[in-house]
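Peer 1: Give me a model of this one.
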Amino acid sequence: MPDPASYAAPSTVEYCVAESTEDVTTVSLAELPRTDLGAGSWATTVLSGTTAGTKATCLGYARFAPGAVSAALSHATEELMFVVAGTGELRTDTAAIPFAPGHALRIPATTWHWIANTGTEDVVSVFSFPGAELPPTQRREAL
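Peer 2: A predicted model of the protein is given here:
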């Protein structure tokens, strides 16, 4: 078995849409449909049963422009979110939780929540749900 310490990260990574090699699937973010969230913001489901044949999880990507406030969402399942860039708040009916690059958030199932970009650069995040597709979700305007 090769020594994991001997592995070097590639200097560049090329992506392609739903190409599989030895049970590994890569999907190009650039070629996926985007859901317009308004105010220059958008999201997409990157890895799912539909895009990559996942069985138990799905992974998404979202970008929120400075000053943007998303609609409030309540998902039937727990959501995990990782902040790649930007600063903002995850707001709920009872709290505003600040976040910055490198923060990970766990949002319990059925919790109403929304994103507010309070910074000067785009908030970029990766999110995940249990299940091969996005869970049933309710939407309302943020408070």
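Peer 1: how about residue 30, secondary structure?
Peer 2: helix (DSSP: H, G, I helix; E, B strand; the rest coil).
Peer 1: Next SSE downstream of the helix or strand bottoming out on mean pLDDT in the chain?
Peer 2: Across the helices and strands of the chain, mean pLDDT, DSSP states H and E gives its lowest value to strand 19-21, namely a mean of 62. For strand 19-21, the succeeding helix or strand toward the C-terminus, using DSSP states H and E, is strand 24-26.
Peer 1: Can you list the strands that that following strand pairs with?
Peer 2: Strand 24-26 pairs in its sheet with strand 19-21 (antiparallel), by DSSP bridges.
Peer 1: Sketch out the low-pLDDT regions of this protein for me.
Peer 2: Within the chain, the ranges that satisfy pLDDT under 70 run 1-22.
Peer 1: repeat that for 50
Peer 2: 1-16 (pLDDT under 50).
Peer 1: That one: strands as residue ranges?
Peer 2: 19-21, 24-26, 35-38, 41-47, 57-64, 72-75, 79-85, 88-92, 96-99, 104-107, 113-117, 123-130, 137-140 (DSSP state E).
Peer 1: Mean neighbour count, those strands: which tops it?
Peer 2: Most buried of these by mean neighbour count (mean count of other CB atoms under 10 Å) is strand 113-117; its value is a mean of 22. (Glycine included, C-beta is placed from N, CA and C.)
Peer 1: Show me the contact partners of it.
Peer 2: 41, 62, 64-74, 86-92, 96, 107, 123, 125, 142 (CB atoms under 8 Å, 6 or more residues apart in numbering).
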